[in-house]
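K.L.:
just a sequence and a predicted model for now, questions to come.
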Amino acid sequence: MTQITLVQGDITEQRVDVVVNAANSSLLGGGGVDGAIHRGGGPEILAECRELRASHYGEGLPTGRAVATTAGRLPARWVVHTVGPVYRAEDHRERAELLASCYRESLRVAAGLGARTVAFPAISAGIFGWPLEDAARIALEAVAAEAPDLDEVRFVLFGADAYAAFERVRSEIEGLTG
Ligand code: AR6
(Lines give C-alpha, C1' and ligand atoms only; values in the text may rest on other atoms or scores of the structure.)
Protein backbone atom coordinates (compact mmCIF):
# COMPACT_ATOMS: atom_id res chain seq x y z
CA MET A 1 0.00 0.00 0.00
CA THR A 2 1.28 3.43 -0.90
CA GLN A 3 1.55 5.73 2.11
CA ILE A 4 0.19 9.19 1.44
CA THR A 5 1.90 11.65 3.75
CA LEU A 6 1.58 15.40 4.29
CA VAL A 7 4.49 17.53 5.46
CA GLN A 8 4.99 21.25 5.82
CA GLY A 9 8.26 22.27 4.19
CA ASP A 10 10.31 23.07 1.14
CA ILE A 11 10.08 20.61 -1.73
CA THR A 12 13.72 21.18 -2.73
CA GLU A 13 14.89 19.66 0.56
CA GLN A 14 13.10 16.32 0.21
CA ARG A 15 15.14 13.12 0.06
CA VAL A 16 12.94 11.20 -2.34
CA ASP A 17 13.36 9.53 -5.70
CA VAL A 18 11.20 12.04 -7.55
CA VAL A 19 10.39 15.67 -6.86
CA VAL A 20 7.54 17.00 -8.98
CA ASN A 21 7.90 20.51 -10.39
CA ALA A 22 4.91 22.82 -10.91
CA ALA A 23 6.34 24.05 -14.20
CA ASN A 24 4.95 25.95 -17.17
CA SER A 25 4.80 24.67 -20.71
CA SER A 26 8.03 26.42 -21.74
CA LEU A 27 9.95 24.13 -19.31
CA LEU A 28 12.46 26.96 -19.05
CA GLY A 29 11.83 28.03 -15.47
CA GLY A 30 9.72 30.51 -13.56
CA GLY A 31 8.87 31.52 -10.00
CA GLY A 32 7.47 29.54 -7.04
CA VAL A 33 8.39 25.85 -6.91
CA ASP A 34 9.84 26.04 -10.43
CA GLY A 35 12.27 28.81 -9.47
CA ALA A 36 13.27 27.02 -6.26
CA ILE A 37 13.92 23.72 -8.09
CA HIS A 38 16.10 25.32 -10.78
CA ARG A 39 18.01 27.39 -8.18
CA GLY A 40 18.56 24.40 -5.91
CA GLY A 41 19.21 21.82 -8.63
CA GLY A 42 21.53 23.95 -10.75
CA PRO A 43 22.02 24.34 -14.52
CA GLU A 44 21.90 20.62 -15.38
CA ILE A 45 18.12 20.62 -15.03
CA LEU A 46 17.68 23.57 -17.38
CA ALA A 47 20.08 21.99 -19.88
CA GLU A 48 17.90 18.84 -20.02
CA CYS A 49 14.76 20.93 -20.27
CA ARG A 50 16.25 22.76 -23.26
CA GLU A 51 17.02 19.39 -24.88
CA LEU A 52 13.42 18.30 -24.36
CA ARG A 53 12.24 21.50 -26.03
CA ALA A 54 14.61 20.89 -28.93
CA SER A 55 13.49 17.26 -29.38
CA HIS A 56 10.03 16.08 -28.26
CA TYR A 57 8.40 19.27 -27.05
CA GLY A 58 9.12 21.95 -29.64
CA GLU A 59 5.83 23.62 -28.80
CA GLY A 60 6.23 23.12 -25.06
CA LEU A 61 4.84 20.55 -22.66
CA PRO A 62 1.03 20.52 -22.82
CA THR A 63 -1.00 21.22 -19.67
CA GLY A 64 -1.72 18.02 -17.72
CA ARG A 65 1.34 16.16 -19.03
CA ALA A 66 4.62 15.25 -17.30
CA VAL A 67 8.23 14.65 -18.27
CA ALA A 68 11.39 13.73 -16.32
CA THR A 69 14.88 15.21 -16.08
CA THR A 70 17.80 14.79 -13.73
CA ALA A 71 17.46 16.42 -10.29
CA GLY A 72 20.93 17.96 -10.57
CA ARG A 73 22.18 18.89 -7.11
CA LEU A 74 18.85 18.32 -5.34
CA PRO A 75 18.76 15.43 -2.84
CA ALA A 76 16.42 13.55 -5.23
CA ARG A 77 17.13 11.36 -8.26
CA TRP A 78 14.78 12.92 -10.78
CA VAL A 79 12.59 15.94 -11.27
CA VAL A 80 9.27 15.26 -13.00
CA HIS A 81 8.01 18.48 -14.57
CA THR A 82 4.28 18.88 -15.00
CA VAL A 83 2.17 21.81 -16.16
CA GLY A 84 -0.90 22.62 -14.10
CA PRO A 85 -3.86 24.59 -15.47
CA VAL A 86 -4.33 28.26 -14.62
CA TYR A 87 -7.45 28.59 -12.43
CA ARG A 88 -10.61 29.86 -14.10
CA ALA A 89 -13.95 29.39 -12.35
CA GLU A 90 -15.84 29.39 -15.69
CA ASP A 91 -14.35 26.14 -16.95
CA HIS A 92 -13.73 24.51 -13.63
CA ARG A 93 -14.65 20.97 -14.65
CA GLU A 94 -12.34 20.86 -17.66
CA ARG A 95 -9.43 22.43 -15.80
CA ALA A 96 -9.94 20.25 -12.70
CA GLU A 97 -9.56 17.24 -15.00
CA LEU A 98 -6.28 18.69 -16.30
CA LEU A 99 -5.08 19.22 -12.74
CA ALA A 100 -5.93 15.60 -11.83
CA SER A 101 -4.08 14.56 -14.99
CA CYS A 102 -0.89 16.29 -13.71
CA TYR A 103 -0.88 13.97 -10.68
CA ARG A 104 -1.71 10.82 -12.66
CA GLU A 105 0.83 11.51 -15.41
CA SER A 106 3.56 12.43 -12.91
CA LEU A 107 2.96 9.18 -11.02
CA ARG A 108 3.13 7.20 -14.26
CA VAL A 109 6.39 8.82 -15.29
CA ALA A 110 7.80 8.22 -11.78
CA ALA A 111 6.75 4.56 -11.82
CA GLY A 112 8.32 4.17 -15.27
CA LEU A 113 11.62 5.38 -13.83
CA GLY A 114 11.43 2.83 -11.02
CA ALA A 115 10.87 5.46 -8.32
CA ARG A 116 9.55 4.35 -4.91
CA THR A 117 9.02 7.77 -3.32
CA VAL A 118 7.51 10.88 -4.91
CA ALA A 119 7.09 14.39 -3.49
CA PHE A 120 4.42 16.73 -4.89
CA PRO A 121 3.79 20.42 -4.31
CA ALA A 122 0.23 21.79 -4.43
CA ILE A 123 0.23 22.13 -8.22
CA SER A 124 -1.57 25.25 -9.58
CA ALA A 125 -2.25 26.56 -6.04
CA GLY A 126 0.29 29.41 -6.24
CA ILE A 127 0.96 31.65 -9.22
CA PHE A 128 -1.74 29.79 -11.22
CA GLY A 129 -4.32 30.88 -8.65
CA TRP A 130 -6.18 27.67 -7.78
CA PRO A 131 -8.04 27.92 -4.43
CA LEU A 132 -6.11 25.80 -1.96
CA GLU A 133 -8.83 23.50 -0.57
CA ASP A 134 -10.15 22.69 -4.02
CA ALA A 135 -6.61 22.05 -5.27
CA ALA A 136 -6.04 19.78 -2.26
CA ARG A 137 -9.21 17.78 -2.93
CA ILE A 138 -8.33 17.26 -6.60
CA ALA A 139 -4.76 16.27 -5.66
CA LEU A 140 -5.67 13.80 -2.91
CA GLU A 141 -8.46 12.19 -4.93
CA ALA A 142 -6.32 11.87 -8.06
CA VAL A 143 -3.49 10.17 -6.18
CA ALA A 144 -5.87 7.81 -4.36
CA ALA A 145 -7.63 6.91 -7.63
CA GLU A 146 -4.37 6.21 -9.47
CA ALA A 147 -3.39 3.72 -6.71
CA PRO A 148 0.29 3.86 -7.61
CA ASP A 149 2.64 1.03 -6.79
CA LEU A 150 5.02 3.17 -4.72
CA ASP A 151 6.16 3.26 -1.10
CA GLU A 152 5.26 6.88 -0.47
CA VAL A 153 3.56 9.83 -2.10
CA ARG A 154 4.41 12.91 -0.05
CA PHE A 155 2.66 16.25 -0.38
CA VAL A 156 5.06 19.01 0.61
CA LEU A 157 3.07 22.06 1.61
CA PHE A 158 4.62 25.47 1.86
CA GLY A 159 3.37 27.13 5.04
CA ALA A 160 0.89 26.31 7.78
CA ASP A 161 -2.20 27.31 5.80
CA ALA A 162 -1.48 24.98 2.91
CA TYR A 163 -0.67 22.15 5.31
CA ALA A 164 -3.90 22.74 7.27
CA ALA A 165 -5.97 22.79 4.07
CA PHE A 166 -4.58 19.42 2.96
CA GLU A 167 -5.12 17.97 6.46
CA ARG A 168 -8.72 19.15 6.51
CA VAL A 169 -9.52 17.76 3.09
CA ARG A 170 -7.81 14.48 3.86
CA SER A 171 -9.91 13.97 7.02
CA GLU A 172 -13.07 14.82 5.08
CA ILE A 173 -12.25 12.27 2.40
CA GLU A 174 -11.39 9.63 5.03
CA GLY A 175 -14.68 10.43 6.79
CA LEU A 176 -16.56 9.76 3.55
CA THR A 177 -14.75 6.56 2.63
CA GLY A 178 -14.67 5.27 6.23
N1 AR6 B 1 8.30 24.04 -1.69
C2 AR6 B 1 7.01 23.63 -1.60
N3 AR6 B 1 5.96 24.37 -2.01
C4 AR6 B 1 6.24 25.59 -2.53
C5 AR6 B 1 7.55 26.09 -2.67
C6 AR6 B 1 8.61 25.25 -2.22
N7 AR6 B 1 9.88 25.62 -2.31
N8 AR6 B 1 7.48 27.33 -3.24
C9 AR6 B 1 6.17 27.60 -3.44
N10 AR6 B 1 5.42 26.56 -2.99
P11 AR6 B 1 3.61 27.70 -7.65
P12 AR6 B 1 1.66 27.02 -9.76
C13 AR6 B 1 3.93 26.37 -3.02
O14 AR6 B 1 3.37 29.15 -7.85
O15 AR6 B 1 0.55 27.70 -9.04
C16 AR6 B 1 5.94 29.25 -11.96
O17 AR6 B 1 6.33 30.51 -12.44
C18 AR6 B 1 3.08 27.60 -3.26
O19 AR6 B 1 2.88 28.30 -2.04
O20 AR6 B 1 5.01 27.23 -7.50
O21 AR6 B 1 1.41 25.68 -10.38
C22 AR6 B 1 5.90 28.20 -13.07
O23 AR6 B 1 6.95 28.39 -14.00
C24 AR6 B 1 1.79 26.98 -3.77
O25 AR6 B 1 1.00 26.46 -2.70
O26 AR6 B 1 2.99 26.82 -8.86
C27 AR6 B 1 4.55 28.45 -13.68
O28 AR6 B 1 4.59 29.53 -14.58
C29 AR6 B 1 2.29 25.75 -4.57
O30 AR6 B 1 3.63 25.52 -4.10
C31 AR6 B 1 3.69 28.82 -12.49
O32 AR6 B 1 4.60 29.35 -11.51
C33 AR6 B 1 2.34 25.94 -6.07
O34 AR6 B 1 2.75 27.28 -6.38
C35 AR6 B 1 3.02 27.62 -11.88
O36 AR6 B 1 2.13 28.03 -10.89
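P.N.:
Perfect, I can see it now. Numbers count the residues shown, from 1 in each chain.
K.L.:
can you give the contact residues for the helix ranked longest in the chain?
P.N.:
If you go by DSSP state H, the chain has its longest helix at helix 92-113. The contact list for helix 92-113 (C-beta atoms under 8 Å, 6 or more residues apart in numbering) reads 17-18, 20, 63-68, 77-78, 80, 82-88, 118, 120, 123-124, 130, 134-135, 138-139, 141-143, 145-146, 148-150, 153. Yep, even glycine has a C-beta here, placed from its N, CA and C like the rest.
K.L.:
got it, and stretch 145-165?
P.N.:
2-11, 14, 16, 100, 103-104, 107-108, 110-111, 115-122, 125, 132-133, 136, 139-140, 143, 166.
K.L.:
are that stretch and the ligand in contact anywhere?
P.N.:
Yes. On the criterion C-beta under 6 Å from any ligand atom, stretch 145-165 is in touch with the ligand at 156, 158, 162.
K.L.:
now do the buried residues in the one helix or strand the last one maps to.
P.N.:
When you say that, I think you mean residue 162. Secondary structure from DSSP states H and E places residue 162 in helix 160-177. By 16 or more other C-beta atoms under 10 Å, the buried positions in helix 160-177 come out as 162-166, 169-170.
K.L.:
cool, and stretch 34-48?
P.N.:
For stretch 34-48, by 16+ other C-beta under 10 Å, it's 34, 36-38, 40-41, 45-46, 48.
K.L.:
out of those, which sit inside helices?
P.N.:
Per DSSP H, helices hold the following members of the buried residues of stretch 34-48: 34, 36-38, 40-41, 45-46, 48.
K.L.:
now for the residues you listed: which two are most distant?
P.N.:
Farthest apart among those by C-beta to C-beta are 36 and 48. That separation is 17.3 Å.
K.L.:
narrow the contacts of helix 92-113 to those that are buried.
P.N.:
17-18, 20, 63-68, 77-78, 80, 82-85, 87, 118, 120, 123-124, 130, 134-135, 138-139, 142-143, 146, 148, 150, 153.
K.L.:
helices - which of those residues land there?
P.N.:
134-135, 138-139, 142-143, 146.
K.L.:
could those residues be laid out in TSV, adding distance to residue 95 and pLDDT?
P.N.:
Formatted as TSV, these follow (distance: C-beta to C-beta, whole Å; pLDDT from 0 to 100):
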residue	distance to residue 95	pLDDT
134	10	98
135	11	98
138	10	98
139	14	98
142	13	98
143	18	97
146	19	92
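K.L.:
any idea which of those is closest to the ligand?
P.N.:
Nearest to the ligand among these is residue 135, at 7.7 Å by C-beta to the nearest ligand atom.
K.L.:
relative to residue 139, how far out is residue 90?
P.N.:
From residue 90 over to residue 139 the distance is 21 Å, taken as C-beta to C-beta, to the nearest Å.
K.L.:
fine, thanks again, bye for now.
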